[in-house]
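*Asks:* Dropping a prediction and its sequence here:
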Amino acid sequence: MRRFALLPILLLFTCCAASAGSHAPPPKLDDGWTVADPAKAGWNTSTLTAMEEAIASGAAPDTTSVLIARDGKLVYEHYFNGGSREMLNNTRSLTKSITALLVGAAIDRGLIAGSQAKVYSFFADRTWRNDDPRKRDFTVEDLLTMSSQWECDDENQFSSGHEERMYLSADWTQFVLDLPMRGYAPWMQRPKDSPHGRAFAYCTANAFLLGAIVARAASKPLDAFAREALEGPLGISQSAWGKSSEGVGMGGGGTTYRSRDLAKFGQLLLDEGRWQGKRVIAPEWVRAMTTVHAQARDDADYGYLIWRFRFEVHGKQRGAWAMSGNGGNYVFVIPEEKLVAVITRTRYNQRDMHQQSHRLLSDYILKAMP
């Protein structure tokens, strides 16, 4: 009797063990993705197995999925720690890059004049505190590059524009418009002395207000515009956008997507705004978005609400564009290698969360690549 009771457990163990070491092609679904067998495509599947073992042993805690696409084909898809194909992953600030795509879609439709459109002109129905002539010159591009001159820095808990203060306000839009101008201590670089002529400060308020601008320009909620201009053309049927206290779509973070759909955003950037050969975003906008406009840190540059890092690939340095969010969430795009890699995690607000995700890319995905 005991022998038969153990049989289902043994079968389950055998099934899971085989799955962990097996690298069959991802399933072909009705979601637009072409799939390929990683082994036949030349991938080192032993290295991919080593990545799975590293995740299981805690090298990147709370990882929920890793997906890889090369040459437009999905070659690897694996879920961990309760993650699943249907899970809507909270991407946190990765959403900012999607907001940048929506700005491009609005410009493409003539709803926004261009990246040099003046920010405050979209809010002529409002008044604001801390008025300053320089505010009138703020452009959409200033917000896209995190180089607006508001006193706003999410990495400084004392900053007037810190995101946690915005979240507590009754009207986030007004909170941003009211922000004071930024000052400069003697040891701080002013914009004219900074690389690319922009003084970078990571500020979620920038991306939030861009979402508000898109919604105003389109005369519809941000999530509705996203479905029409971006998600629909990409075949994305499930997402959830958060809203501010006053009901404005949260373009600064927290939108949820399935992992295979996140990979579509990366492929869209790789293919200069096309999905399955059809134009979704203007190629000129994607090129502008993936051009360095500011230096974010010594080891990172910044485009339009998207990071740029460098990784070694088979002995060569490659630039990697990264849609990045709290928890270690990433969509990496390496144009020279025609590679898209998605890493979803729930390691929110934890030390080394980003470094751990970077190591999954550098130590395993890139080393496994043909």
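*Replies:* Received the coordinates, thanks.
*Asks:* Next, the contact list for E141, please.
*Replies:* 115-116, 293, 304 (C-beta atoms under 8 Å, 6 or more residues apart in numbering). For glycine as for every other residue, the C-beta is placed from the backbone atoms N, C-alpha and C.
*Asks:* Of these, which is the nearest to A224?
*Replies:* Within these, the smallest distance to A224 is 22.3 Å, found for Y304 (C-beta to C-beta).
*Asks:* Tell me which residues touch the closest one, please.
*Replies:* Taking C-beta under 8 Å, 6+ apart as the test, what Y304 contacts is 100, 103, 141, 144-145, 288-290, 293.
*Asks:* Can you tell me which of those residues end up in strands?
*Replies:* Nothing among the contacts of Y304 maps onto strands, per DSSP state E.
*Asks:* re the thing from before, can you tell me which of the contacts of E141 has the most neighbours?
*Replies:* Using other C-beta atoms under 10 Å as the neighbour criterion, Y304 leads the contacts of E141 with 27 neighbours.
*Asks:* Determine the three-state secondary structure at that one.
*Replies:* coil (DSSP: H, G, I helix; E, B strand; the rest coil).
*Asks:* Which parts of the protein are strands?
*Replies:* For the chain, the strands defined by DSSP E occupy 34-35, 63-70, 73-79, 89-90, 256-257, 274-275, 278-279, 294-297, 300-302, 307-313, 316-325, 329-334, 339-345.
*Asks:* what's the third one packed up against?
*Replies:* Just to be clear, that refers to strand 73-79. Using 3 or more C-beta pairs under 8 Å, 6 or more residues apart in numbering; DSSP states H and E as the contact test, the elements touching strand 73-79 are strand 34-35, strand 63-70, helix 259-270.
*Asks:* Not counting sequence-adjacent ones, nearest residue to V340?
*Replies:* Computed as C-beta to C-beta, 6 or more residues apart in numbering, the closest residue to V340 that is not its neighbour in sequence is G266, at 3.6 Å.
*Asks:* Just give the number of residues close to G197.
*Replies:* Neighbour count for G197, taken as other C-beta under 10 Å: 12.
*Asks:* contacting residues for it?
*Replies:* Neighbours of G197 in contact, by C-beta under 8 Å, 6+ apart: P191.
*Asks:* what about it, distance to T95?
*Replies:* G197 sits at a distance of 27 Å from T95 (criterion: C-beta to C-beta, to the nearest Å).
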